[in-house]
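> output the structure for:
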Amino acid sequence: MVGKVTFGKSNGSENTQRRPDSYSRIYVYARHSRDDTQNPRSSDDQIAKVRVWLAEHGYPEPVGEFKDEGISGEMVSRSGIDQLKDAIRTGQCDMVVVEDVSRLYRNTAALLSLVNLAAASKVRIVAINDALDTSAARNDYLLKLVFSGYHHERHNSDLSERINRGKRSGWEAGYAMGRVIPGYTRRPANEGSQRRAGPFVDEKEEKWGPTIVEAFERARRGSSKKSIAAFLTEAGFPRFANARSKVHNENSITSLITNTIYMGIERYRRVHPEADLRTGKRRTVATPADEIWTREMPHLAFVSATLWEAANKTMASRAPQPKGTDNIMHGIPYTARCLLSGHLRCSICGSKMVGQGLGRRYGDTVQRGYRCSSAIDGKCWNKGICNRERTDRRIIAAVLDTLVSAEGAGGLLAELTAQMTRDGGELGARAAALRAERARVESDRDKYAEAVVVSDNLATFVEKVRRCEKRLSQLEWEIKYVDQQLSSSAKPVKPAEMVEAARSVAKTLTEGRTDEVRQALGGLITPIRVVLFQRQDNRVVVPRARFRVNYVGLLPTQWQALIEHSPIDLKDAGLLSQELDVALYKKEPLPVRYAWRAKELRDQGMKGEGWAKALGITLSSAYHALELAEFMLANGLTDIYKEVTEHPGKIARWGSV
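Got it, this is the predicted structure:
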């Protein structure tokens, strides 16, 4: 039954008092998301329904129609809706009728903007199914509009949740997901079923087993992708059903060799659509590694895990970096592509230190270094440049040495995870805190929704309602996440697993690509402060690096997030992190290194030549070391270097390079 729209009491607008036959410029708007003319929610059916309603209520025929077909209501800009707005602005219409407000927008803010535009232009809007009429009192239709818009937005969210829940259930049951991978066949899960909608399961086509194994063996041996593609094409190995050509190419070989299904591990949802809240458009983005659906399917394995890993390692080592947006460095400025870019910070101004080529040639090498980005613009007086190769080598070496001695931290972290899973522990407290916050946010949302009706500042409270809804969505996910950890899936980490994690990170630091090393360091160390020190005898300024290695970064991602919210102060637990101080300048000058030792030998009555021979340095260096020791004694110094926090006034030279 078509919903009935009644007139309310006058609110002073001219539209309220008008008779139905006085409207001469009526427009109808319709929209549907799927490009399917047989869909009962299609635009033609909507227009027919509106025409019936207009005739039943005594309105004249509409003078025009605007349609958007196969377009989401979350998109702010659409051809049909934009034409409707232009008609409202230019005074071409005096009434707009739609089936319901979700046909206009599934975006509450955009919907309110359109209604305000219509009100300012003296144009009436009627949504039949929602019994909404802007000729009624403003407070009445605004409240109904906000909750109708919220209802339709929520419907989209609930529908998406139900679809994902159904997919997840099928995934856990072992049903096939996504497209059929070459080398496999898909059949109904229930024997004898003729249902085309599924569920389905995948099976190996055993006849392709030797071909697939040979392709992986060739990749392991270092054969080119072009030659492997020619081999598969000649063997008649199938491609994906939607492939434009039956001939294999380098891209298809990459997809085949990197697909984990061939070693019995299936992955799904490696990419997902993400909405732009400003425009409503959706774009495909990569799914975080810990959110990709993964399951073991040993009955689908064609090759061993060892062969798969060897083939991928060989192929990755041979593959040149692609150009354009597929390059791992795309969008990263040249100065930020170095190994430690993004990690180094100037201790004077706090700015990032970026990579910069010095153009200084020493033998067959060209010196490159890290420099304060603000110093380049003249905003910082730190003109020192840290040699890039030396800095990278010493920082990595220091982190590796720390990982070797991480056994104590591994045991402590293992005990911490056991404590958090024992009888609920901190996880239980976290779940209770999240539920309490959810109750508070729900209360705030209801208050803001009520304020929409009585406040003149409409946009502010609508935005607050949206923020509350967004936070509630986040809280629902966090509560579900913590509840999962409280279940049997939340198992404490064993000390042996911590040792293995440390070895894995160490292997990445020594053998990984630049992007892999940067990612590994990002989860393990704090920002590296490059601190300046000045020698008190000759005013030379040199850099040192200070940072902490946080062993929590060795834990699985889910445990890192849970420990982050734990009330335990990890900074006070000395075993869970270690502070490092690394010299970034050249080798310590011999006089500095042997100053105190030279004085000890002199005090023992040894002559200059004697202590020079004992220290293994020249006589000149031995006397210089003694002079340096006497200088420190005279000035009450224990270290010839003094940390610099302000401009020292006079700098003999920068000793960084």
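
> okay, the spatially most central residue of the chain: pLDDT?
Nearest to the geometric centre of the chain sits Pro288, at 6.3 Å (C-alpha atoms, centre = their mean). Looking at Pro288, its pLDDT stands at 83.

> then Arg337?
Value for Arg337, per-residue pLDDT: 69.

> and what of the one 3 residues further on?
Per-residue confidence at Leu340 stands at 83 (pLDDT).

> how about the helices of the stretch 451-600 of the chain, start to end?
Using DSSP state H, counting those that start in this stretch, the helices of the stretch 451-600 of the chain run over 458-486, 495-511, 514-522, 557-564, 590-593, 595-603.

> mean pLDDT for those helices: which is lowest?
Comparing mean pLDDT across the helices of the stretch 451-600 of the chain, the weakest is helix 557-564, with a mean of 59.

> mind listing what Leu532 touches?
For Leu532, the contacting residues are Ser347, Ile348, Asn382, Gly384, Val541, Val542, Pro543, Glu643, Val644, by C-beta atoms under 8 Å, 6 or more residues apart in numbering. All C-beta atoms are positioned from the backbone trio N, CA, C, and that covers glycine.

> again with Tyr370
Tyr370 makes contacts with 338, 340-341, 344, 353-356, 385-386, 388, 391, 530, as judged by C-beta under 8 Å, 6+ apart.

> next step: those residues restricted to helices.
Per DSSP state H, helices hold the following members of the contacts of Tyr370: Arg388, Thr391.

> would you turn the contacts of Tyr370 into a markdown table with neighbour count?
A markdown table is the format used below for these (neighbours: other C-beta atoms under 10 Å):
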| residue | neighbour count |
| --- | --- |
| Cys338 | 22 |
| Leu340 | 23 |
| Ser341 | 20 |
| Leu344 | 27 |
| Met353 | 30 |
| Val354 | 20 |
| Gly355 | 19 |
| Gln356 | 18 |
| Ile385 | 22 |
| Cys386 | 25 |
| Arg388 | 22 |
| Thr391 | 26 |
| Val530 | 26 |
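
> closest to Gly222 out of the helices of the stretch 451-600 of the chain?
Of all the helices of the stretch 451-600 of the chain, helix 495-511 sits nearest to Gly222, with 17.2 Å by C-beta to C-beta.

> only C-alpha atoms, please: export the closest one in PDB.
In PDB, the C-alpha atoms belonging to helix 495-511 read as follows (Å, rounded to 0.1, in the frame of the first residue of the first chain):
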ATOM      1  CA  PRO A 495      59.500 -18.500  24.700                       C
ATOM      2  CA  ALA A 496      60.700 -20.600  21.800                       C
ATOM      3  CA  GLU A 497      58.300 -18.700  19.500                       C
ATOM      4  CA  MET A 498      59.800 -15.400  20.700                       C
ATOM      5  CA  VAL A 499      63.300 -16.700  19.800                       C
ATOM      6  CA  GLU A 500      62.100 -17.800  16.400                       C
ATOM      7  CA  ALA A 501      60.500 -14.300  15.800                       C
ATOM      8  CA  ALA A 502      63.800 -12.700  16.700                       C
ATOM      9  CA  ARG A 503      65.600 -14.900  14.200                       C
ATOM     10  CA  SER A 504      63.100 -14.100  11.500                       C
ATOM     11  CA  VAL A 505      63.500 -10.300  12.000                       C
ATOM     12  CA  ALA A 506      67.300 -10.700  12.000                       C
ATOM     13  CA  LYS A 507      67.100 -12.600   8.700                       C
ATOM     14  CA  THR A 508      64.900  -9.800   7.200                       C
ATOM     15  CA  LEU A 509      67.400  -7.200   8.400                       C
ATOM     16  CA  THR A 510      70.300  -9.000   6.800                       C
ATOM     17  CA  GLU A 511      68.700 -10.400   3.600                       C
END
